[in-house]
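>>> this one's sequence-less:
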Ligand code: SF4
Ligand code: SF4
């Protein structure tokens, strides 16, 4: 079991969640974050940090977000680790309440991670 970042995070990459993770399992894409399911220790700390409620325990994932389990697992291997909060996207509020952002608005490109 692991925590999972849902598609709500797409274009709402606020990064409030990353600093609380004790095992550095957030990875940064161009427009969202994912959690590495092999590193996550289910500590629950990140879930309440997300201002838009995008993080779920895998066993509490809404049905329409099951697809994001594979997205988290795949892109955690491809994207760099992020442990420090970054500036929010300027237009994140515009995207906050938009549903079904995956795959249309998802970017497979990596973000800068901690080296940016
Ligand atoms: S549940 Fe804990 S270990 Fe898992 S991603 Fe969140 S903060 Fe990290
Ligand atoms: S705090 Fe929530 S919306 Fe922001 S990057 Fe983390 S998971 Fe995505």
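Cool, the structure landed. All of these numbers come straight from a predicted model, not from anything done at the bench. Ligands and ions are numbered 1, 2, ... in the order given.

>>> Going by C-alpha atoms from here, please, whenever you check contacts or count neighbours.
Fine.

>>> what does stretch 81-91 contact?
Stretch 81-91 is contacted by residues 11-16, 18-19, 21, 24-28, 113-114 when judged by CA atoms under 8 Å, 6 or more residues apart in numbering.

>>> Now restrict these to buried residues only.
By neighbour count, with 16 or more other CA atoms under 10 Å, those hold 11-16, 18-19, 21, 24-28, 113 as buried.

>>> filter these down to the ones near ligand 2?
12-16 (CA under 6 Å from any ligand atom).

>>> and of the residues you listed, the nearest to residue 35?
residue 15 (12.1 Å; CA to CA).

>>> how about the nearest residue to that closest one, chain neighbours excluded?
residue 85 (5.2 Å; CA to CA, 6 or more residues apart in numbering).

>>> ok so, going back, among the ones next to ligand 2 among the buried ones among the contacts of stretch 81-91, which ones are in strands?
Among these, no member falls in strands (DSSP state E).

>>> okay if I get those residues as TSV plus pLDDT?
Output for those, formatted as TSV (pLDDT from 0 to 100):
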residue	pLDDT
12	97
13	96
14	94
15	95
16	95
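
>>> Tell me what residue 4 is bridged to.
Counting by DSSP bridges, residue 4 is bridged to residue 56.

>>> Can you give me the distance of the closest residue to residue 28 other than its chain neighbours to residue 30?
Nearest residue to residue 28, sequence neighbours excluded (CA to CA, 6+ apart): residue 111, at 4.9 Å. Here residue 111 is placed at a distance of 4 Å from residue 30 (CA to CA, to the nearest Å).
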